[in-house]
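# next come a sequence and a model predicted from it.
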Amino acid sequence: ETGVTQTPRHLVMGMTNKKSLKCEQHLGHNAMYWYKQSAKKPLELMFVYSLEERVENNSVPSRFSPECPNSSHLFLHLHTLQPEDSALYLCASSQDQDGTYVLRELFFGEGSRLTVL
Amino acid sequence: AQSVTQLDSHVSVSEGTPVLLRCNYSSSYSPSLFWYVQHPNKGLQLLLKYTSAATLVKGINGFEAEFKKSETSFHLTKPSAHMSDAAEYFCVVSDRDDKIIFGKGTRLHILP
């Protein structure tokens, strides 16, 4: 069983729907991440939360809205998406020990496969 | 600025033969380097990491990688491929610029 759990595993939504992706980590980590994985593209970092504060927002469109209510939970709220947003969305966590990325090992969930019609 | 290049998008080897997945990096500082593996419909799992200790790093499932500063390389190897090694492999670099950069991935195919 993975220490990072993502739900739902699969989601199909229309362009006018509002849905949310959920991530929960059971590892006691203090940093959480959302990544987007599209076919034939490198993994794209979307958001980073460290100690429940957003520390990075990689020019992600506002139709994606993250929420981190505590260090164990991370949400990605979806609204008015486009078909090109169809992808695998991966959540990860790490232990942020000294405020830098250098030694960070990422622990990934199994992803939420999103299809936008 | 840092970057990472995985030289092959696909590699095919026969079961029982050696595996070599190539990775070159560019970094302004002494980087940390990682290899992750992703099996179909799964998340990414850490195989091994280099963080300025020994240059030859051993990981899980018999994989290892050697950090070669002069060649700016961190190639992943395994002496004998197994069918269960079929997956996508990602080389990752991070340094004091505080970014984690993923390569585009190499899909490893194992032929029976």
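Perfect, I can see it now. Since this is a predicted model, take the numbers as computed values, not measurements. Numbering: from 1, shown residues only, chains lettered A, B, ... in the order given.
# which parts of stretch A:21-41 are buried?
For stretch A:21-41, a neighbour-count test (16 or more other C-beta atoms under 10 Å in any protein chain shown) marks A:21-25, A:29-37 as buried. Backbone N, C-alpha and C define where each C-beta goes, glycine included.
# give me the contact list for the helix or strand containing A:L88.
A:L88 is part of strand A:87-94 when elements are defined by DSSP states H and E. Strand A:87-94 has contacts (C-beta atoms under 8 Å, 6 or more residues apart in numbering or on different chains) with A:3-4, A:6, A:21, A:23, A:25, A:27, A:29, A:31-38, A:43, A:74, A:76, A:104-109, A:111-114, B:43-44.
# what's the local residue count around the closest residue to B:K58 other than its chain neighbours?
Of all residues not flanking B:K58 in the chain, B:E64 sits nearest, at 4.8 Å (C-beta to C-beta, 6 or more residues apart in numbering or on different chains). Counted with other C-beta atoms under 10 Å in any protein chain shown, residues neighbouring B:E64 total 16.
# show the contacting residues for B:H109.
B:H109 sits next to B:10-13, B:86 when contact means C-beta under 8 Å, 6+ apart.
# so which helix or strand takes in it?
For B:H109, the element it lies in under DSSP H and E is strand B:106-111.
# report the distance from that strand to the chain centre.
Centroid separation between strand B:106-111 and its chain, computed with C-alpha atoms, centre = their mean, to the nearest Å, is 13 Å.
# distance of the closest residue to B:H75 other than its chain neighbours from A:L43?
Excluding its sequence neighbours, the residue lying closest to B:H75 (C-beta to C-beta, 6+ apart) is B:R22, at 5.0 Å. According to C-beta to C-beta, to the nearest Å, B:R22 stands 18 Å off from A:L43.
# quick revisit: could the contacts of B:H109 be laid out in JSON lines, adding distance to A:L88, secondary structure and pLDDT?
Putting these into JSON lines (distance: C-beta to C-beta, whole Å; DSSP: H, G, I helix; E, B strand; the rest coil; pLDDT from 0 to 100) gives the following:
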{"residue": "B:H10", "distance to A:L88": "19", "secondary structure": "strand", "pLDDT": "96"}
{"residue": "B:V11", "distance to A:L88": "22", "secondary structure": "strand", "pLDDT": "98"}
{"residue": "B:S12", "distance to A:L88": "24", "secondary structure": "strand", "pLDDT": "98"}
{"residue": "B:V13", "distance to A:L88": "26", "secondary structure": "strand", "pLDDT": "97"}
{"residue": "B:A86", "distance to A:L88": "18", "secondary structure": "coil", "pLDDT": "97"}
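# so what's the residue of chain A found nearest chain B up against?
Per C-beta to the nearest C-beta, A:F108 is where chain A lies closest to chain B, at 3.5 Å. By C-beta under 8 Å, 6+ apart, the residues touching A:F108 are A:2, A:4, A:90-92, B:36, B:43-45.
# one step back: and the residue nearest to B:H75, how far from B:T51?
21 Å.
# could you do A:V4 as well?
Separation of A:V4 from B:T51 (C-beta to C-beta): 22 Å.
# with B:S73 instead?
Using C-beta to C-beta, one gets 17 Å for the distance from B:S73 to B:T51.
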